[in-house]
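Enquirer: After the sequence you'll find the predicted model.
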Amino acid sequence: MSSTSTIYDFSTLTGSIDAALHNWMSPGLVLTAELVLVGLIFLTFYALLGLFLVYLERKVCAVMQNRYGPNRVGPLGLLQTIADLIKLLMKELIPIRKADQFLFNLAPFIVIIASFMAIAATPFAKGLQAVDLNIGVFYVMAVSSLGVVGILLAGWSSNSKYSLIGAMRSGAQIVSYELSVGLSLLAIVVFSGTMQLSGIVESQADGWWIFKGHIPAFISFVIFLVASTAEINRGPFDLAEAESELTAGFHTEYSGIKFAFFFLAEYINMFIVAAIGATVFLGGWMPFHIGNWEAFNHVMDFIPSMVWFFLKTFFVVYLIMWFKWTFPRLRIDQLLTLEWKYLMPISLINIVVIAFIVLMGWHF
Amino acid sequence: MSEEIIKNIIVRENEDYIINMGPQHPSTHGVLRLEVCLQGETVKYIIPHIGYIHRGIEKMCEAITYQQIIHLTDRMDYLSAHMNNEAVCLCVENALQVEVPERVKYIRTILDELNRLASHQLWWSAFGMDLGALTTFFYGLRDREMILDIFEESFGSRLLHSFNAPGGLMHDVHPNFQKGIKDFITYFRKKLPEYDQLLTGNVIFQQRAKGIGIMSREKAIAYGVTGPSGRGSGFSCDLRKYAPYSAYDKVQFNEILYTEGDTLARYKVRMDEMWESMNIIEQLVDNIPEGDYTAKMKPIIKLPAGEYFQRVETARGELAVYIVSDGNKTPYRMKFRSPNFSNLFVMNELAAGGKIADLIAISGSLDLVIPDIDR
């Protein structure tokens, strides 16, 4: 790990804060204070990130559609999404008469909590990770698929036919594509021999898996990209909301801040998926290194690890946005055919090939 | 044939899962209500309900003069406003046996084709949106804007221009008219291949459109489906060829025919028609003869008592105007045969048995304009 020694380790910062707190508090209080602190930081980060991603999407799609995008509120339209959020906060929450009130109100929270839990395990920089579980990949997979429960509840409890169709579609879609996402991530787990996200990042110090793992790793990356786009209900797989067919799908009946929750969760999920993809396939916060080019590698090390992480993540985010704004939507049977007849068999064969490569020690 | 019709009579059952698509729905392109019966994702039957934008245009025509009727016809198929105007004008001119100047014929034909281009551009934009490709909308409207600018320069209005008058045109075109059109044609010849790159070649689009909503030639004729939708089924029905009016007998062009009859065929007909429209305009735009912009007409037009009939090819099919006159300055009875009305009712045949997404694709490929159905 000599090449990464120059990178700033955030655990020194968090360690010193921890020590400072211990100096003038009892251990129990320190734990409470730290939990509150981390919670507050994540809340702020989550909200800001959501607003920024909405702004980014509007700008990206504007570029693709020959227009300017938001440019009136604030410099370069940066405050546009904040203005939109204030508008959503002040909007009336329209009560649905025959809706199942409890589940109807619960659904947006389940969706947003699922994305909250997934973001906790993301390694943002060296030593900057809220929880570093030794089953990180498994945890993220499990938690992010909880969101579908919220979507199903929303569709069911709205007591609207459009919502119900949207929710059923979403259920079928997410359950299917979960398999391909899991199998494509498993490929890299086989390569690196660990499920811990920080461990996977460390294993890419001498090269990212997408380069080290030959063609099978690249295939895994493509499958991951396609399947995860489907899992977060974004175009061309946005069948759950398909605005030209189902008006707005599962959140047809939601208004005001409850709608904003779904909206926010959708964008954060996109970020999470991109972050996992960047961490597992593109080296996470690891700088870009080329073999023995010592001087080049040294210069790359000077770029902070957090910058690397966000660069790669937003590259994947951009790819996902690019799909959405150029492709037509699939039909439900085509969507399921793609998963069960193409992506699943390919990923299964791919895993066998990767296991063989690892067994023979052919990867770098 | 009659047995088949009886077989297709829809019987509602109590346990049917009915969704009312419209009158406010993003994909019905106006206030059309489709009563859709579903079995899961599959469409069992569709019952279209029309009349949400019925304004009684045919009845209103009985109370106003022929010059005033022109302005009402804009509001039927607002995307083919010029063709609608022309239909009434031609009918009145034929009744009075007025010979309109050559200049008028040329300009009318050019405007017909420009209007067809603008209409097909908007259709392409909206069709992409129906299939979930949102970017098409901005590509289409970007290019349509140039046509609307040409219209605005000459007529002062962009959509409902009422530029025709019985006997000729309201006034002469703007001096920049020819230059503007030539600039547009050179521009759009470069931009039209972009449409194919963005949508036509896309794998997902091909899957969504190929083999969906197959309409046989017999079915097209039985339901009276005309225009590009009919020509996609191999029903040769282009009135510009069969009953040429204005300057269509002076130009060389091909009637676009596809025999597959599916959504993709209807799509391709319109895409190819855009190229043909540009060919027609190019043949005419340099040869507009000098002369008057209108024939000499009396200020009050009275048609001799009798029945008059005229058909034109709008962007959506065959529009027919039927006037019964009793010799007064207003018609005794006026009837429009609108293409969208016939095109709508074939939808149940095409979409039943498919998925909801197919229904949207089919209704997009039929290119319906709802005010034209209701009138």
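Expert: Received it, and whenever you're ready, just let me know what you need. Numbers count the residues shown, from 1 in each chain, chains lettered A, B, ... in the order given.

Enquirer: On the three-state scheme, the nearest residue to B:A63 once chain neighbours are set aside is what?
Expert: Distances taken as Cβ to Cβ, 6 or more residues apart in numbering or on different chains place B:T330 nearest to B:A63, at 6.2 Å, with adjacent residues excluded. Backbone N, C-alpha and C define where each C-beta goes, glycine included. The three-state assignment at B:T330 reads coil, by DSSP: H, G, I helix; E, B strand; the rest coil.

Enquirer: Now the element after the helix or strand harbouring A:A114, going C-ward?
Expert: Taking DSSP states H and E as the definition, A:A114 sits inside helix A:101-120. Towards the C-terminus, the helix or strand next in line after helix A:101-120, according to DSSP H and E, is helix A:136-144.

Enquirer: tell me which parts of the stretch 201-350 of chain B are close to chain A?
Expert: B:N202, B:I204, B:F205, B:Q207, B:R208 (Cβ under 8 Å from any Cβ of the partner chain).

Enquirer: so of those residues, which ones are in helices?
Expert: B:I204, B:F205, B:Q207, B:R208 (DSSP state H).

Enquirer: Beyond the helix or strand harbouring A:L335, next helix or strand please.
Expert: Assigned by DSSP H and E, A:L335 belongs to helix A:332-337. Following the chain from helix A:332-337 toward its C-terminal end, the next helix or strand by DSSP H and E is helix A:344-360.

Enquirer: Endpoints of stretch B:124-137, how far apart?
Expert: The distance separating the two terminal residues of stretch B:124-137, taken as Cα to Cα, to the nearest Å, comes to 8 Å.

Enquirer: Which single helix of chain A contains the most residues?
Expert: The helix spanning the most residues in chain A, taking DSSP H as the definition, is helix A:27-64.

Enquirer: counting contacts, what elements does it pack onto?
Expert: In terms of contacts (3 or more Cβ pairs under 8 Å, 6 or more residues apart in numbering or on different chains; DSSP states H and E), helix A:27-64 is packed against helix A:10-23, helix A:80-90, helix A:101-120, helix A:256-281, helix A:305-326.

Enquirer: Show me how the record splits chain A into domains.
Expert: Under automatic domain parsing, the residue ranges defining each domain of chain A are A:11-90, A:92-360.

Enquirer: For the helix holding A:A114, what is the distance to the chain centroid?
Expert: Once both centres are worked out by Cα atoms, centre = their mean, to the nearest Å, helix A:101-120 turns out to sit 15 Å from its chain's centre.

Enquirer: what about it, average pLDDT?
Expert: The predicted model gives helix A:101-120 an average pLDDT of 86.

Enquirer: Now do the contacts for A:I290.
Expert: Residues touching A:I290, when contacts are defined by Cβ atoms under 8 Å, 6 or more residues apart in numbering or on different chains, comprise A:F296, A:N297.

Enquirer: before we move on, the earlier item: including pLDDT and neighbour count, could the residues of the stretch 201-350 of chain B next to chain A go into a markdown table?
Expert: As requested, these are exported to a markdown table (pLDDT from 0 to 100; neighbours: other Cβ atoms under 10 Å in any protein chain shown):
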| residue | pLDDT | neighbour count |
| --- | --- | --- |
| B:N202 | 86 | 20 |
| B:I204 | 87 | 19 |
| B:F205 | 89 | 25 |
| B:Q207 | 87 | 17 |
| B:R208 | 87 | 24 |
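
Enquirer: Export those residues as TSV, with columns for distance to B:W124.
Expert: Below are these laid out as TSV (distance: Cβ to Cβ, whole Å):
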residue	distance to B:W124
B:N202	13
B:I204	16
B:F205	12
B:Q207	18
B:R208	15
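
Enquirer: For B:A81, state which of those is nearest.
Expert: B:F205 (29.8 Å; Cβ to Cβ).

Enquirer: thought the closest one was touching B:L199?
Expert: Yes - distance between B:F205 and B:L199: 5.3 Å, which falls inside the contact criterion (Cβ atoms under 8 Å).

Enquirer: list the residues that contact both of the two?
Expert: Contact with both B:F205 and B:L199 is made by residues A:P328, B:A133, according to Cβ under 8 Å, 6+ apart.

Enquirer: Might you name the residue of the stretch 1-150 of chain B sitting closest to chain A?
Expert: Minimum separation of the stretch 1-150 of chain B from chain A (Cβ to the nearest Cβ) falls at B:G132, amounting to 2.8 Å.

Enquirer: hang on, the earlier thing: return the residues in contact with the residue nearest to B:A63.
Expert: In this structure, B:T330 makes contact with B:C61, B:E62, B:A63, B:I64, B:T65, B:Y66, judged by Cβ under 8 Å, 6+ apart.

Enquirer: Apart from its chain neighbours, what residue comes closest to B:T65?
Expert: When the adjacent residues along the chain are set aside, B:T65 lies closest to B:K329, with 5.2 Å between them (Cβ to Cβ, 6+ apart).

Enquirer: try A:V358
Expert: For A:V358, ignoring the flanking residues on the chain, the nearest one in space by Cβ to Cβ, 6+ apart is A:V190 at 5.7 Å.

Enquirer: separation between the one you found and A:N159?
Expert: Distance of A:V190 to A:N159, given as Cβ to Cβ, to the nearest Å: 46 Å.

Enquirer: The helix holding A:L335 packs against which elements?
Expert: Judged by 3+ Cβ pairs under 8 Å, 6+ apart, helix A:332-337 is in contact with helix A:161-192, helix B:203-209.

Enquirer: May I see the buried residues of the helix or strand that the first one is followed by?
Expert: So the one you mean is helix A:161-192. Counting by DSSP H and E, the next helix or strand C-terminal to helix A:161-192 is helix A:197-202. Buried residues in helix A:197-202, counting neighbours by 16 or more other Cβ atoms under 10 Å in any protein chain shown, are found at A:L197, A:S198, A:G199, A:I200, A:V201, A:E202.
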